[in-house]
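Undergrad: When you get a sec, could you give me coordinates for this:
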Amino acid sequence: MASIPNPAAFETAVSEHLPWLRDLYRHFHRHPELSMAEHATADRIEQELTALGLEPQRIGGTGVVAVISNSGPAGAGTSGEAPTVLARADIDALPLQEDTGLEYASETPGVMHGCGHDAHATALLGATRILAENRDAWSGTYIAVFQPGEETAAGARAMVDDGLLERVPRPDVALSQHVMPTAAGTIGTVAGPVLSAGDSLKITIHGRGAHGSMPNTAVDPVVLASSIVLRLQTVVSREVEPGQFAVLTVGSLTAGAKANIIPDSAELLLNIRTYDPAVREQVIAAIERIVRGECAAAGAPADPEFDYYDQYPLTRNDPGVTTTVTAAFVEHFGPRAVYEASRVTASEDFSLIPDAFGVPYTYWTVGSVDPARYQDAVARGAVSQEIPANHSPHFAPEEAPTLLTATRAQVVAALAYLGAERRAV
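TA: I've put the predicted structure just below:
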């Protein structure tokens with residue numbers, strides 16, 4: 001392939017690879033794998049990277065990393081002379097039965113790429129191929145990270161714990177993106193908090209079991225759990241400052257198995273979302289205070305137990321990196337295709353990787369819905385009713401515009417630092 005001297009010309013190169021991108025995407029979509037068990041997915045990613053002449057590494061179990069260096073010694077990017085860019089895509093699927101009717105629908109019962117990670121992996125492979133085949137058009141180091149286990153908040157941590165920081169050059173900047181149910185061909189960027197911190201919590205409360213006809217001999221954990229649920233509804237409404245964001249959801253209350261038996265314990269499952277670390281700590285402290293207080297008031301025979309899991313960090317986009325990448329997007333895609341995104345209350349573990357390196361990052365969104373369909377739904381106020389969102393069994397991105405935009409976005413963002421006229425890191 002002829003060399004490509006500027007970012008705009010990469011658009012043609014990406015279009016030439018559309019059949020390959022589509023085949024990759026359909027393969028990943030047909031063969032989804034759950035978090036931290038993405039063995040076949042990782043194998044295919046390794047095969048594609050090896051075919052490009054790269055030497056992929058397995059890091060974090062099913063994580064895959066490849067490095068393209070065009071700047072001499074690894075890690076030279078820290079000097080500012082030859083930047084190092086890390087780009088990340090998640091690769092895991094969801095425990096969800098697909099109901100899209102696509103000809104390339106999941107062939108694994110109960111497992112589906114319902115969040116777009118198949119498109120993320122495909123786009124990063126596409127960007128890596130474009131950069132690998134056109135090394136004379138850029139300088140620096142490009143690190144492609146294919147991360148497992150995003151849906152369980154386990155993958156980024158696993159890669160860091162498995163030596164990611166020691167096994168690849170230190171980047172100057174980190175990039176990531178996510179497919180969303182907005183108009184295909186558009187890109188959303190925003191500085192500051194973009195995805196909330198997320199914490200899941202299992203609370204076990206202890207009572208004293210008894211026959212259902214003898215409640216006076218029991219400490220009823222069903223009544224106790226019910227009181228806790230009601231009191232927890234006051235944390236956000238009465239303790240968090242108005243204007244601050246917080247969500248506290250009790251998603252499950254489990255206790256007992258028979259009508260005439262008072263059980264001896266109950267289990268609550270909670271989910272917390274916040275944008276401010278101080279608010280997060282405030283909400284957690286309030287939850288534990290209320291639960292302990294209600295248990296003491298009920299005369300519970302043992303202290304409650306708190307088990308935190310699936311904990312996601314706050315995703316806070318660096319203003320400088322976001323400005324640089326947004327400017328590159330506007331220059332390449334045009335100002336009508338790039339908009340200021342709203343914060344999203346979902347959570348991600350991507351930021352664990354740049355935070356571990358101590359480098360700035362930005363995370364943007366890519367639209368995936370036919371633009372005419374999306375605009376029609378917007379005009380009628382029917383987006384939430386008619387456009388399947390991520391994690392829906394009906395989630396089905398428009399193939400070509402989604403893959404092309406996502407691949408181009410990865411390339412353009414990287415070239416904002418690696419291109420011949422790159423901006424300072």
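
Undergrad: Now do the residue nearest to residue 236 when sequence neighbours are not counted, the pLDDT please.
TA: Excluding the flanking residues, the one nearest residue 236 by CB to CB, 6 or more residues apart in numbering is residue 246, at 5.0 Å. To be clear about C-beta, it is placed using only N, CA and C from the backbone, and glycine gets the same treatment. pLDDT, residue 246: 97.

Undergrad: Name the residues linked to residue 246 by a beta bridge.
TA: Beta-bridge pairing for residue 246 (DSSP bridges): residue 274.

Undergrad: That one: what's it in contact with?
TA: 235-236, 240, 272-274, 279-280, 283 (CB atoms under 8 Å, 6 or more residues apart in numbering).

Undergrad: Could you check which helix or strand contains the closest residue to residue 131 other than its chain neighbours?
TA: Leaving aside its sequence neighbours, residue 131 sits nearest to residue 142 (CB to CB, 6+ apart; 5.4 Å). In the assignment (DSSP states H and E), residue 142 maps to strand 141-147.

Undergrad: same thing with residue 292?
TA: helix 277-298.

Undergrad: following that helix, which helix or strand comes up?
TA: Using DSSP H and E, the helix or strand that directly follows helix 277-298 along the chain is strand 305-312.

Undergrad: from the chain's centre, how far out does that next one sit?
TA: 18 Å (CA atoms, centre = their mean, to the nearest Å).

Undergrad: which outside residues touch that strand?
TA: 152-153, 195-204, 288, 291, 347-349.

Undergrad: Would you mind putting the CA coordinates of the helix or strand residue 175 falls within into PDB?
TA: For residue 175, the host element (DSSP H and E) is strand 173-183. Below are the C-alpha coordinates for strand 173-183, written out as PDB (Å, rounded to 0.1, in the frame of the first residue of the first chain):
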ATOM      1  CA  VAL A 173      -1.400   9.600  26.600                       C
ATOM      2  CA  ALA A 174      -4.100   6.900  26.600                       C
ATOM      3  CA  LEU A 175      -7.200   6.700  24.400                       C
ATOM      4  CA  SER A 176     -10.400   4.700  24.400                       C
ATOM      5  CA  GLN A 177     -13.900   4.800  22.900                       C
ATOM      6  CA  HIS A 178     -17.300   3.300  23.200                       C
ATOM      7  CA  VAL A 179     -20.100   2.600  20.800                       C
ATOM      8  CA  MET A 180     -23.400   4.200  21.900                       C
ATOM      9  CA  PRO A 181     -27.000   4.300  20.600                       C
ATOM     10  CA  THR A 182     -26.600   7.700  19.000                       C
ATOM     11  CA  ALA A 183     -26.400   8.700  15.300                       C
END
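
Undergrad: angle of that strand against strand 141-147?
TA: 50 degrees (axes from the mean of the first three to the mean of the last three CA atoms, to 10 degrees).

Undergrad: Quick one: residues in contact with stretch 254-266.
TA: With CB under 8 Å, 6+ apart as the criterion, stretch 254-266 contacts 204-213, 215, 218, 220-222, 224-225, 253, 267.

Undergrad: again, only this time at 10 Å
TA: Outside stretch 254-266, the residues that touch it by CB atoms under 10 Å, 6 or more residues apart in numbering are 203-215, 217-226, 228, 253, 267-269, 300-302, 304-305.

Undergrad: Just those residues: which are in helices?
TA: If you go by DSSP state H, the contacts of stretch 254-266 have 221-226, 228 in helices.

Undergrad: Quick one: the strands in the stretch 51-200 of the chain, in order.
TA: Assigned by DSSP state E, counting those that start in this stretch, the stretch 51-200 of the chain shows strands spanning 57-59, 63-69, 84-90, 141-147, 173-183, 187-189, 192-195, 197-206.

Undergrad: what about the strand holding residue 175, average pLDDT?
TA: 98.

Undergrad: from the chain's centre, how far out does it sit?
TA: Distance, centroid of strand 173-183 to centroid of chain: 9 Å (CA atoms, centre = their mean).

Undergrad: Quick check: neighbours of it in the sheet, parallel or antiparallel?
TA: Strand pairing (DSSP bridges) places strand 173-183 next to strand 84-90 (parallel), strand 361-369 (parallel).

Undergrad: any weak-confidence spans in this protein?
TA: 1-9, 71-80, 420-425 (pLDDT under 70).

Undergrad: Quick check: the gap between residue 192 and residue 313.
TA: Relative to residue 313, residue 192 is positioned 15 Å away (CB to CB, to the nearest Å).

Undergrad: Give me the more crowded residue out of these two.
TA: In this view residue 192 and residue 313 are compared by other CB atoms under 10 Å, and residue 313 has more residues nearby, 20 against 12.

Undergrad: Can you report how many residues lie near the closest residue to that one other than its chain neighbours?
TA: Sequence neighbours aside, residue 351 is the residue nearest to residue 313 in space, at 5.0 Å (criterion: CB to CB, 6+ apart). When neighbours are defined as other CB under 10 Å, residue 351 has 24 of them.

Undergrad: for residue 96, same thing?
TA: Neighbour tally, residue 96, other CB under 10 Å: 18.

Undergrad: what pairs with the closest residue to it other than its chain neighbours across the strands?
TA: In space, and not counting its chain neighbours, residue 96 is closest to residue 112: 4.3 Å by CB to CB, 6+ apart. Listed by DSSP bridges, the beta-bridge partners for residue 112 are residue 94.
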